[in-house]
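[1] quick one: sequence plus predicted model below, questions after.
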Amino acid sequence: VTQDPVNASILAIKLIPFGGVNVLIFALIFLFIDRKDEFQLVRFILSFKGFQFISAIVAAVKVAVKMWGCLEGAGLAQMENHEVHI
């Protein structure tokens, strides 16, 4: 990962999913990079897209777990009421 405490703290802040904190950090990073330097720009874009991909996977897993919990709860309620037809 990184051994620099500043980079590690920025990475930890970018991992906060609520309140738009990660978007604010990416906006600040975008303001500070040299947009004429192609390497910095490509690195920023890849980092931003990577975090979007990971946050989408985390959101999909959260939704899947909630859906599974709802279905599991509905199944248990039907079993308690003897409404299950096999």
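    Perfect, I can see it now. Because the structure is predicted, anything quoted here is derived from the model rather than measured.

[2] show me what contacts the residue positioned nearest the centre of the chain?
    When CA atoms, centre = their mean is applied to the chain, the residue found nearest the centroid is Ser55 (2.0 Å). Applying CB atoms under 8 Å, 6 or more residues apart in numbering, we find Ser55 in contact with Pro17, Asn22. Where you see a C-beta, it was placed from the backbone N, CA and C, and this is true even at glycine.

[3] distance check, it against Leu41.
    Look at Ser55 and Leu41: by CB to CB, to the nearest Å, they are 21 Å apart.

[4] do the same with Leu28
    Here the criterion is CB to CB. By it, Leu28 lies 15 Å from Leu41.

[5] more neighbours, those two?
    Of the pair Leu28 and Leu41, Leu41 is the one with more neighbours under other CB atoms under 10 Å, namely 14 against 11.

[6] tell me the secondary structure for that one?
    On the three-state scheme (DSSP: H, G, I helix; E, B strand; the rest coil), Leu41 is labelled helix.

[7] tell me which element the residue nearest to the centre of the chain falls in.
    With elements delineated by DSSP states H and E, Ser55 resides in helix 38-80, which encompasses its position.

[8] tell me the mean pLDDT for that helix?
    In this model, helix 38-80 has a mean pLDDT of 84.

[9] how far out from the middle of the chain is it?
    Per CA atoms, centre = their mean, to the nearest Å, the displacement of helix 38-80 from the mean C-alpha position of its chain is 7 Å.

[10] same question, stretch 27-42
    Average the C-alpha atoms of stretch 27-42, do the same for its chain, and the two points are 22 Å apart (CA atoms, centre = their mean).

[11] can we start the residue count at 134 from this point?
    Sure, I'll start numbering at 134, so the last one becomes stretch 160-175.
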